[in-house]
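**Student:** kindly return the folded structure for what I paste below:
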Amino acid sequence: EVQVVESGGGLVQAGGSLRLSCAASGFTFDDYAIGWFRQAPGKEREGVSCISSSDGSTYYADSVKGRFTISSDNAKNTVYLQMNSLKPEDTAVYYCAVMIDATIATMGFMRGDYWGQGTQVTVSS
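**Tutor:** This next block holds a predicted model:
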């Protein structure tokens, strides 16, 4: 059974930083990506960033480029999202997901196949 568990959300002031963690287990895909989506109230869920398990290729949405950094610890099957220079518009529930097609995901066509429960990130102005 695939399990995806996020942690690290919280409340931070604008300009501050948070680091999200995502631990994934229970699968043996050959080439997959793990990434982050977010959904703000009244808005559609959007892909934020992802990283390939095989070659470390990454994708970032334009809205977070230069502020967010995704990294992975393959030994622990854990992915981190370092979020710096946070803005109120970054406020959302952040979801981690495993994507079984890493090539498409890192091209920007992120589609989650297995999902975590989500963690709230709130940025106050």
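
**Student:** what is the subsequent helix or strand relative to the lowest-mean-pLDDT helix or strand in the chain?
**Tutor:** One helix or strand of the chain scores below all others by mean pLDDT, DSSP states H and E: helix 102-106, with a mean of 90. Once helix 102-106 ends, the next helix or strand along the chain (criterion: DSSP states H and E) is strand 114-115.

**Student:** contacts for that next one?
**Tutor:** Outside of strand 114-115, the residues within contact range by CB atoms under 8 Å, 6 or more residues apart in numbering are V2, V4, A24, F27, Y95, C96, A97, V98. For the C-beta atoms, the positions are set from N, CA and C on the backbone; glycine is no exception.

**Student:** same deal with stretch 50-62?
**Tutor:** By CB under 8 Å, 6+ apart, the residues outside stretch 50-62 that reach it are 29-36, 46-49, 68, 70-72, 74, 79, 99, 102-103, 105-108, 110.

**Student:** buried subset of those residues, written for PyMOL?
**Tutor:** In PyMOL syntax, the buried subset of the contacts of stretch 50-62 is picked out as below (16 or more other CB atoms under 10 Å):
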select buried, resi 29+32+33+34+35+36+47+48+49+68+70+72+79+99+102+105+106+110
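
**Student:** from the contacts of stretch 50-62, which land in helices?
**Tutor:** By the criterion of DSSP state H, membership of those in helices covers A102, T103, A105, T106.
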